[in-house]
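# build me a model:
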Amino acid sequence: MTTVLAVRRDGQVALAADGQVTLGNTVMKGSAKKIRSLADGQVLAGFAGATADAMTLFEKFETKLNQFPGNLARAAVEMAKEWRTDKYLRHLEALLLIADSERTLVVTGNGDVIEPDGGAAAVGSGGPFALAASRALLDVTDLAAGEVARRAMTIAADICIYTNSEILVLELADS
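Coordinates of the predicted model:
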């Protein structure tokens, strides 16, 4: 299980994730990297779900980004279509949270490409906690996107047993 959070504020975009990898009720690793920068730093992507499945989906999504450069929505839709219809891919269990300077999208294996409302979006077991915390911080502070993401993830880690405090935050360059 995991928590991945995207936050937007004043033209800034940040993606944050915890580092915990669990197998059943056992913590297997505490410092996994679940988010990455793609498309020469123009896109941030994170995953929740099975690690091997997510790595496969990252590769597929990066291929779609190369096919449709500068068009995150089109790349995400094409990825979701392939994910849903491909005999092998449709069995992969993960969610992708992706963002560029204009959009934040959640992509699922059911063919969903969702652009959540508001300045934040989250996936994973701790996602609702991180989302609630980020919305509150966005409402009552002037913190930058990256700091909102970090603090919201810390709150989620204090509540969700599948989220740890080994938090990685990536921000879009020149967003």
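# tell me where this structure has helices.
51-67, 72-85, 127-140, 145-159 (DSSP state H).
# can you list those helices in CSV and add distance to residue 25 and mean neighbour count?
Every C-beta, even on glycine, is put in place using the N, C-alpha and C of the backbone. Listed next are the helices of the chain as CSV, based on distance: least, Cβ to Cβ, whole Å; neighbours: other Cβ atoms under 10 Å:
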stretch, distance to residue 25, mean neighbour count
helix 51-67, 17, 17
helix 72-85, 29, 19
helix 127-140, 19, 20
helix 145-159, 17, 22
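# residue most distant from the centroid, this protein?
Going by Cα atoms, centre = their mean, the residue of the chain most distant from its centre is residue 87, 24.7 Å out.
# tell me the pLDDT of that one.
Reported pLDDT at residue 87 in the predicted model: 76.
# how about it, phi and psi?
Note on residue 87: backbone dihedrals following degrees, to the nearest 10 are phi -60, psi -40.
# distance of it from residue 108?
According to Cβ to Cβ, to the nearest Å, residue 87 stands 18 Å off from residue 108.
# not including adjacent chain positions, what is the nearest residue to residue 143?
Of all residues not flanking residue 143 in the chain, residue 137 sits nearest, at 6.2 Å (Cβ to Cβ, 6 or more residues apart in numbering).
# doesn't residue 146 make contact with that neighbour?
No - using Cβ atoms under 8 Å, residue 137 is not in contact with residue 146; the gap is 11.7 Å.
# about what we covered before: could the helices of the chain go into a markdown table alongside distance to residue 40?
Below are these laid out as a markdown table (distance: least, Cβ to Cβ, whole Å):
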| stretch | distance to residue 40 |
| --- | --- |
| helix 51-67 | 10 |
| helix 72-85 | 13 |
| helix 127-140 | 27 |
| helix 145-159 | 20 |
